[in-house]
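A.B. asks: 3D, please:
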Amino acid sequence: IIVSEQSPYRQLSDLNGQPVAMGSHGIFIANVVPMSAMLGAGVKVQPVMVGNQESLITEFKLGKFQAIAVNLMGFKRQIGQDNYPHRVLWQSQPIMNYPLLVRYQVVPEGVAQRVQRAFVDMATDPEGKEVLARVNARPGVRWSGWVAATDQDYEFAIKSYQLIQPISGGVHEPIK
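C.D. replies: Predicted coordinates for the structure are as follows:
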């Protein structure tokens, strides 16, 4: 959760009752995680849903929003050389990016295991290294490959979803 350097907001509780621009419902890193953090801290904000992170950051730089919830790496990548003066009020624990999920009811277990192994071995496989090199040629991207996740790796995500429940009108309430 980021505010401009000149913002009067100094801590998360200062956002109580204030508008906070963020991604649409269900966007994990730009809605679910920050909303669960604020609700967990007893901070109720007025969420302002913005279509995508790029628009959100651009409008923040133009002064339309005082506080935004975004992916910090994406924010820094988009800000680039501008180094827009900002302050981070809250940051989540590190989250594993880009999970590959399998619907075992649809994909046979053996196929899912082979696909998982291919991604995990990508960093050591000659063809996989080539793919990673092409991906890493993009500005601001540095991928070293994938790792097999455990349930514990996603405990934070599960707890975040359990803490919030969307209700009509774009407002989140704690699950009782």
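A.B. asks: For the one residue sitting closest to the centre of the chain, give its distance to D82.
C.D. replies: Central residue of the chain (C-alpha atoms, centre = their mean): I29, 2.0 Å from the mean position. As judged by C-beta to C-beta, to the nearest Å, I29 and D82 stand 22 Å apart. C-betas here are computed from N, CA, C, even on glycine.
A.B. asks: wait, what's in contact with E5?
C.D. replies: P85, H86, R87 (C-beta atoms under 8 Å, 6 or more residues apart in numbering).
A.B. asks: Against M38, how distant is Y98?
C.D. replies: Taking C-beta to C-beta as the measure, Y98 falls 25 Å from M38.
A.B. asks: Looking at the two, which is more packed in?
C.D. replies: Ranked by neighbour count (other C-beta atoms under 10 Å), Y98 and M38 place M38 first, with 25 against 7.
A.B. asks: For that one, list the residues it contacts.
C.D. replies: M38 touches I1, L12, L15, V20, K44, V45, W90, counting by C-beta under 8 Å, 6+ apart.
A.B. asks: Pull out the buried positions in the helix or strand it falls within.
C.D. replies: Assigned by DSSP states H and E, M38 belongs to helix 33-40. Neighbour counts over helix 33-40 (16 or more other C-beta atoms under 10 Å) mark V33, P34, M35, S36, A37, M38, L39 as buried.
A.B. asks: can you give me the helices in this protein?
C.D. replies: Applying DSSP state H to the chain gives helices spanning 33-40, 53-61, 72-79, 109-120, 126-136, 155-163.
A.B. asks: for stretch 11-30, how far is the first residue from the last?
C.D. replies: Length of stretch 11-30, first residue to last, C-alpha to C-alpha, to the nearest Å: 18 Å.
A.B. asks: and the residue lying closest to V88 once chain neighbours are set aside, how many residues sit next to it?
C.D. replies: Among residues not flanking V88 along the chain, I2 sits closest, at 5.7 Å (C-beta to C-beta, 6 or more residues apart in numbering). I2 is flanked by 23 other residues according to other C-beta under 10 Å.
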